[in-house]
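Participant: pasted the sequence and its predicted model underneath.
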Amino acid sequence: MPPLGLGTSGNDDFEQCADTVAAALDVGYRFVDTAQMYDNEEAVGEGIRRSSVDRDDVVVATKIHPENLAYDDAKRTANASLDRLGVDSVDLLYVHWPTGAYDPDGTLRAMDELYDDGVTDHVGLSNFTPRLLDEALDRLDAPVAAHQVECHPRFRQRELRRYARQHGHALVCYSPLGQGDLLDDPVIVDVADEHDASPAAVCLAWAFAQETLVPIPKGTGDHVRANYEAQSLTLDDDALARIDDLDENRLIDPDSAAWNQ
């Protein structure tokens with residue numbers, strides 16, 4: 001999996017989304033993340049077609065909406081996602097949240113069949129707990145390529161990082177900039193000043209320094225290139241240690257989330 005992806009959550013203006021995806025790919029991104037929930041799959045597909053990058057060189061990921069996770073609905077709506085994206089298959093198809101219509105037996109059987117049928121090249125899970133990951137891995141025949149969760153310098157997901165290393169999948173990080181809150185954090189700002197970098201670049205560089213993490217920051221305009229160029233920043237051990245001492249704070253915490261049950 002590429003070390004960096006483009007997140008598209010909230011980018012539901014068709015032209016802005018399509019232009020952002022095309023620009024990101026032309027800058028160098030090779031991983032684009034969307035979801036049925038984001039209502040922008042058509043725009044993401046259009047952005048891929050507008051770019052100068054061949055479709056085969058792009059990792060395209062989407063996610064099945066929690067309300068579409070019953071067996072029949074998962075099969076039907078995954079194929080509908082292909083139609084909206086304008087692709088023959090996706091590289092990565094996630095169970096978005098293990099909530100709503102999620103049923104381990106039916107949902108995961110559908111994911112296996114979507115994998116076997118070539119609708120997706122890889123299966124992913126998102127917002128699972130370790131217990132639910134164990135349950136899913138026990139039921140799935142298809143290997144799990146990625147688990148997507150909130151992860152950033154103030155919510156470092158040590159347990160799920162260990163789990164990802166043990167089971168050989170990527171931990172894909174949404175909200176890697178802490179929804180912008182981290183950009184004013186005094187420790188992040190100090191590290192940025194010491195490294196002649198932006199706070200956003202420091203947050204991403206922290207993720208790049210961790211085994212298994214793949215951040216997918218959102219962005220438009222100049223932020224798309226700036227986030228990509230953060231790959232050139234290397235943080236020293238002292239900076240990484242100071243970041244790892246930050247207080248933990250989960251930002252995405254719906255009552256229905258698996259960790260609240």
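Facilitator: Received the coordinates, thanks. In this text, all values refer to a predicted model and were calculated from it rather than measured experimentally.

Participant: and residue 113, what is it in contact with?
Facilitator: Contacts were defined as Cβ atoms under 8 Å, 6 or more residues apart in numbering; by that measure residue 113 touches residue 75. For every residue, glycine as well, the C-beta is placed using N, CA and C.

Participant: correct me if wrong: residue 233 contacts residue 197.
Facilitator: Yes - using Cβ atoms under 8 Å, residue 233 and residue 197 qualify as a contacting pair, with a distance of 5.2 Å.

Participant: now the common contact residues for the two.
Facilitator: When contacts are counted by Cβ under 8 Å, 6+ apart, residue 233 and residue 197 have residue 205 as shared neighbours.

Participant: tally of neighbours for residue 112?
Facilitator: 15 (other Cβ atoms under 10 Å).

Participant: and residue 105, by the same measure?
Facilitator: The number of residues packed around residue 105, counting by other Cβ under 10 Å, is 9.

Participant: how about residue 1?
Facilitator: Using other Cβ under 10 Å as the criterion, residue 1 is surrounded by 18 other residues.

Participant: now residue 180
Facilitator: Burial of residue 180 is recorded as 11 neighbouring residues (other Cβ under 10 Å).

Participant: try residue 261
Facilitator: By other Cβ under 10 Å, the residues close to residue 261 number 10.

Participant: same check on residue 195?
Facilitator: 16.

Participant: swap in residue 255?
Facilitator: When counting by other Cβ under 10 Å, one arrives at 7 neighbours for residue 255.

Participant: tell me the SS of it?
Facilitator: The three-state label for residue 255, taken from DSSP: H, G, I helix; E, B strand; the rest coil, comes out as coil.

Participant: list the residues that contact it.
Facilitator: The neighbourhood of residue 255, defined by Cβ under 8 Å, 6+ apart, contains no residues.

Participant: measure residue 209 to residue 236 for me?
Facilitator: Using Cβ to Cβ, to the nearest Å, residue 209 is found at 10 Å from residue 236.

Participant: likewise for residue 256?
Facilitator: Counting by Cβ to Cβ, the gap from residue 256 to residue 236 is 41 Å.

Participant: residue 224 now?
Facilitator: Residue 224 sits 27 Å away from residue 236, going by Cβ to Cβ.

Participant: tell me which element the closest residue to residue 194 other than its chain neighbours falls in.
Facilitator: Nearest in space to residue 194, with sequence neighbours left out and distances taken as Cβ to Cβ, 6 or more residues apart in numbering, is residue 239 at 6.9 Å. When secondary structure is defined by DSSP states H and E, residue 239 falls within helix 237-244.

Participant: which strands or helices does that helix pack on?
Facilitator: In this structure, helix 237-244 makes packing contacts with helix 186-194, helix 199-208, judged by 3 or more Cβ pairs under 8 Å, 6 or more residues apart in numbering; DSSP states H and E.

Participant: ok, for the most centrally placed residue in the chain, nearest residue in space, not its chain neighbours?
Facilitator: For the chain, residue 172 is the residue whose C-alpha lies nearest the centre (Cα atoms, centre = their mean; 4.5 Å). Of all residues beyond its chain neighbours, the one nearest residue 172 is residue 148 (4.1 Å), with distances taken as Cβ to Cβ, 6+ apart.

Participant: in which helix or strand does that neighbour reside?
Facilitator: strand 144-150.

Participant: for residue 24, same thing?
Facilitator: Using DSSP H and E, residue 24 sits in helix 14-27.

Participant: ok, now residue 136?
Facilitator: Remark: residue 136 resides in helix 130-139, with elements defined by DSSP H and E.

Participant: dump the C-alpha coordinates for that helix into PDB.
Facilitator: The C-alpha trace of helix 130-139 is given here as PDB (Å, rounded to 0.1, in the frame of the first residue of the first chain):
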ATOM      1  CA  PRO A 130      -9.700  -5.900  18.800                       C
ATOM      2  CA  ARG A 131     -12.400  -8.200  19.800                       C
ATOM      3  CA  LEU A 132     -14.400  -7.500  16.600                       C
ATOM      4  CA  LEU A 133     -11.200  -7.800  14.600                       C
ATOM      5  CA  ASP A 134     -10.600 -11.300  16.100                       C
ATOM      6  CA  GLU A 135     -14.200 -12.300  15.200                       C
ATOM      7  CA  ALA A 136     -13.900 -11.000  11.600                       C
ATOM      8  CA  LEU A 137     -10.500 -12.600  11.000                       C
ATOM      9  CA  ASP A 138     -11.900 -15.900  12.200                       C
ATOM     10  CA  ARG A 139     -14.800 -15.700   9.800                       C
END
